[in-house]
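Colleague: 3D model of this:
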Amino acid sequence: MKKIIFIPILLVLLNCSSDSTNETEQMYFPPTDGTASWETKSVSNLRWNESELQPLLDYLELKHTKSFIILVNGRIVIENYFNGHTALSNWYWASAGKTLTSTLSGIAEQEGIVNINNKVSDYLGTGWTSATVAKENLITCKNILSMTSGLNDALGDGVSTENLQYKADAGTRWAYHNVYVKMQDVVAQASGRTWNAYFNAKLRDKIGMNGVWINSGTSGDLSVYWSTARSMARFGLLQLNKGKWQNTQVLNENYYDQAINTSQNINVAYGYLWWLNGKSTYHLPQSQAQFNGSLIPNAPNDMFMALGKNDQKIYVIPSKKMVVIRMGDSADGTNFALSDFDASLWEKINALIQ
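Modeller: Prediction:
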């Protein structure tokens, strides 16, 4: 009788052990020495629905994707390139790169050279906007990181002084605005180094990214990051591991926690330049309307995202120990961050992983 009972129990335990491998295995980090090696894990090993892999890849190619990566516990499960793109091709992050500025702001704060609660004019001096000194001095670094500067978002992409005009008191209005790049000036001024030099030393080189900031826009005062898809995946992995790369705490957890949680009470689906899924309401770029529900209802509630123009995506999902990267041209039409493509893509991903 004991044997009859023992064998099924043993089989159940073995089954559970296999299913929980993803929960117990150690997070993997690819080498930072420029080698091409990166550990992989198969779809079959994860017990995903393999029959749904090709439909996902076909959909991605149809929707003008150039690169697509899924990491689980840091290991590459899916890596595909389309439409002439390769693993060595650089592509722009667009506004997904805002999260790089957020991360560098946190690093500067942990080094004691920036306090995000301080007003921006403490670092840049007065006159960096067209607002009165009194109104300008209301704008803190945190206001910039949370998109609550109160500056007019309807004056185009430029961030010259004449384009940064008062609209409302800082902290009283959420509006998606390129003024976030002023945090790059803050960090450069506080560190005594160029933005590029500080970025490369404190983030890029520490986690083995490639890439470069390139001036963009008619005014020439906006910088957009370009890199390979794997470099974007490295950054996503750093965020999945709460700012830690192997044994190095690149970004402290206190700032990290603030950055990926609600930063103000107007748009609860926004942190410090990160979009947050699973919230009760949200706002979208170029709109003051509030919408009910989650940003991407069919995606995990704990997911936080870097979203860029024309469907540049970094999805970080802690509950699944997963990072998803998508680079390419716009899936359907020009968009500024969130698009209908997000929900459609997650329908395909869910079919694969569930």
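Colleague: assess the claim that residue 309 and residue 93 are in contact.
Modeller: No: using Cβ atoms under 8 Å, residue 309 is not in contact with residue 93, being 9.5 Å away. Glycine gets a C-beta too; all of them are placed from N, C-alpha and C.
Colleague: name the residue in the two with the higher neighbour count.
Modeller: residue 93 (25 against 18; other Cβ atoms under 10 Å).
Colleague: all helices of the stretch 101-250 of the chain, in order?
Modeller: 121-124, 133-136, 141-145, 182-191, 195-199, 205-207, 229-240 (DSSP state H, counting those that start in this stretch).
Colleague: need the ones you listed in a markdown table with mean neighbour count, can you?
Modeller: As requested, the helices of the stretch 101-250 of the chain are arranged in a markdown table below (neighbours: other Cβ atoms under 10 Å):
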| stretch | mean neighbour count |
| --- | --- |
| helix 121-124 | 18 |
| helix 133-136 | 14 |
| helix 141-145 | 25 |
| helix 182-191 | 22 |
| helix 195-199 | 19 |
| helix 205-207 | 15 |
| helix 229-240 | 24 |
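Colleague: for residue 168, find the nearest of those.
Modeller: Nearest to residue 168, of all these, is helix 133-136, at 9.3 Å by Cβ to Cβ.
Colleague: out of the helices of the stretch 101-250 of the chain, which is closest to residue 112?
Modeller: In terms of Cβ to Cβ, the element of those nearest to residue 112 is helix 182-191, at 9.4 Å.
Colleague: can I get the helices of the stretch 101-250 of the chain in JSON lines including distance to residue 67?
Modeller: As requested, the helices of the stretch 101-250 of the chain are exported to JSON lines (distance: least, Cβ to Cβ, whole Å):
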{"stretch": "helix 121-124", "distance to residue 67": "36"}
{"stretch": "helix 133-136", "distance to residue 67": "41"}
{"stretch": "helix 141-145", "distance to residue 67": "28"}
{"stretch": "helix 182-191", "distance to residue 67": "26"}
{"stretch": "helix 195-199", "distance to residue 67": "22"}
{"stretch": "helix 205-207", "distance to residue 67": "18"}
{"stretch": "helix 229-240", "distance to residue 67": "4"}
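Colleague: tabulate the ones you listed (CSV), appending mean pLDDT.
Modeller: Shown next, in CSV, are these (pLDDT from 0 to 100):
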stretch, mean pLDDT
helix 121-124, 98
helix 133-136, 98
helix 141-145, 98
helix 182-191, 98
helix 195-199, 97
helix 205-207, 97
helix 229-240, 98
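Colleague: can you list the neighbours in contact with stretch 82-95?
Modeller: Stretch 82-95 has contacts (Cβ atoms under 8 Å, 6 or more residues apart in numbering) with 60-61, 64-68, 79, 81, 100, 210-212, 214, 216, 224-230, 232, 306-310, 312, 327-329, 336-337.
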